[in-house]
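Peer 1: model the following, please.
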Amino acid sequence: MEVAKIPSMEKREYDQLINEEHVCRIAFKGDKYPYVAPFVYVFDGRFMYFLSTKYGKKIEFFREDPHVSVEVERYASDLSSYRFVTLRGRLVEVFDPEEKRAVRKEFVDLIRKKNLSRNVLLALGHSPDDPLDSIIKEERSIIWKLVDVEKIVGLKDGEKI
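Peer 2: From the prediction side, this is the model:
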């Protein structure tokens, strides 16, 4: 019996998936085991950006080793169709004031466009009662950018989602 292989995605397909989704998982090198955490992200067509709270194990693991794997997925609830892409690269903290402001604005636009719950603000270092523009005006979170992507693996079933 021959093992069936999951078809690979082309670059345009995984770029489209990354562009259309907004939640991913990042795997950090942990102590004994990898440490995986969910993140909301924005994608500018070239880089993925993440807002991270300034506390938690992810900060410690990022400082110890910024090499990560990022996974974005989309699937039907019954798994009849699915797509996922994994990118291996390195996170860097963004310090440029103009780039930081532009990225923070992209997060505000994402929240509005996708009509996300205000509870997402907690994951970004803010209270759900804060005005959305506080993400732009206040630096309660760190901005990371995925760079030096060494490998991208995108897989899909044969169906369109």
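Peer 1: low pLDDT regions in this structure?
Peer 2: Flagging of the chain using pLDDT under 70 yields the residue ranges 158-161.
Peer 1: and the helices in it, which stretches?
Peer 2: Taking DSSP state H as the test, the helices found in the chain are 11-20, 57-64, 97-113, 120-123, 134-137.
Peer 1: with distance to I26 and mean neighbour count added, can I get those in TSV?
Peer 2: Bear in mind the C-beta positions are built from the backbone N, C-alpha and C, glycine included. Listed next are these as TSV, based on distance: least, Cβ to Cβ, whole Å; neighbours: other Cβ atoms under 10 Å:
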stretch	distance to I26	mean neighbour count
helix 11-20	13	15
helix 57-64	8	16
helix 97-113	16	16
helix 120-123	13	17
helix 134-137	19	17
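Peer 1: what's the longest strand in the protein?
Peer 2: Assignment by DSSP state E gives strand 141-156 as the longest strand of the chain.
Peer 1: mind giving me the packing neighbours of that one?
Peer 2: Packing partners of strand 141-156 (3 or more Cβ pairs under 8 Å, 6 or more residues apart in numbering; DSSP states H and E): helix 11-20, strand 48-53, strand 82-93, helix 97-113.
Peer 1: and that strand with helix 97-113, angle?
Peer 2: 60 degrees (axes from the mean of the first three to the mean of the last three Cα atoms, to 10 degrees).
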